[in-house]
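[1] how would this look folded up:
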Amino acid sequence: MSQNKKYFVFTSIALVVGLVAGMFLMSVKNKALTSEAAYRTKTVGPMYEGDVAPRPNGDGKVDQADIMQLGRFSAGIDTPINGSEFQRADIAPKDSRGDGKITTTDWVQSGRYATGLDSLQLAGGPSFPPELPPIQLINCGIFHPADTNKDCRIDISEATAFSFRAKSASTIWQQGERYIWNKELQNWVPVSAQP
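    Numbering: from 1, shown residues only. Model prediction:
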């Protein structure tokens, strides 16, 4: 492995570890800008994919602060407001400038923009998450422990509250919220993962 590749791998790992630690340390702090009225500010200059910090309008560049904020969005710690902020946060896949969901792939893409691995793009793509289809009554079998209201769905608040104890809740949320009990696997699986 060349010296440059080793440096890049080490730097990437250090950046990810630092960002994850920072997200959890900051999860209780910096909640001052939560009301919609606080976000009514003037937008100046071009708006780039991934430019989400400072909230709500960014600063015209993508850097470590944006990676941190996108990590908070993808972890469900903060929620982007619909419109321009959501559009600049939903940046993966890169070619379509988002897919209507904010996940860890958006967080990784912000790191690629910030480090210059990918050139910045003007904001585009979805400006709000897609509406879920009407809830169909399904028998999900055994309720998942994270499903506090017993509706066979795990929404973001349930996934976030439960995610510290089990990865399956966040996986279900990321894949459409609906789940069923799979007798063969003896586990809960997203409805989209069912054959």
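[2] Tell me how this structure divides into domains.
    Recorded structural domains for the chain (assignment: automatic domain parsing) are 3-115, 132-195.
[3] Quick check: residue 80 touching residue 101?
    No: using Cβ atoms under 8 Å as the test, residue 80 is too far from residue 101 to be in contact (11.6 Å). For glycine as for every other residue, the C-beta is placed from the backbone atoms N, C-alpha and C.
[4] Helices of this protein, start to end?
    Secondary structure of the chain by DSSP state H: the helices cover 3-26, 64-75, 84-89, 104-115, 156-162, 167-174.
[5] rank those helices by pLDDT, which is bottom?
    Lowest mean pLDDT within the helices of the chain: helix 3-26, a mean of 49.
[6] Mind listing what's buried along stretch 104-117?
    Neighbour counts over stretch 104-117 (16 or more other Cβ atoms under 10 Å) mark 105, 106, 107, 108, 109, 110, 111, 112, 113, 114, 115 as buried.
[7] returning to what we had before: out of residue 80 and residue 101, name the residue with the larger neighbour count.
    Higher neighbour count among residue 80 and residue 101: residue 80, with 23 against 16, using other Cβ atoms under 10 Å.
[8] How about the contacts made by the more buried one?
    Going by Cβ atoms under 8 Å, 6 or more residues apart in numbering, residue 80 touches 52, 73, 86, 88, 89, 102.
[9] now those residues: which count as buried?
    The neighbour-count test (16+ other Cβ under 10 Å) applied to the contacts of residue 80 identifies 52, 73, 86, 88, 89, 102 as buried.
[10] From those, pick the one nearest residue 67.
    Nearest to residue 67 among the buried ones among the contacts of residue 80 is residue 52, at 9.4 Å by Cβ to Cβ.
[11] So for that closest one, what's the nearest residue that isn't a sequence neighbour?
    Closest residue to residue 52 apart from its sequence neighbours, by Cβ to Cβ, 6 or more residues apart in numbering: residue 69 at 4.7 Å.
[12] and the one you found, how far is that from residue 172?
    Remark: distance between residue 69 and residue 172 (Cβ to Cβ, to the nearest Å) = 25 Å.
[13] now do residue 89
    The gap separating residue 89 from residue 172 is 22 Å, by Cβ to Cβ.
[14] now swap in residue 160 and tell me
    Going from residue 160 to residue 172 by Cβ to Cβ gives 12 Å.
[15] These two: who's more crowded?
    Shown here are residue 160 and residue 172; by other Cβ under 10 Å, residue 172 has more neighbours (29 against 18).
[16] returning to that earlier point: tell me the one among the contacts of residue 80 nearest to residue 124.
    Once Cβ to Cβ is applied, the member of the contacts of residue 80 that ends up nearest residue 124 is residue 88, at 9.5 Å.
[17] what's the nearest residue to the closest one if we skip its chain neighbours?
    In this structure, residue 88 finds its nearest non-sequential neighbour in residue 123, 4.8 Å apart by Cβ to Cβ, 6+ apart.
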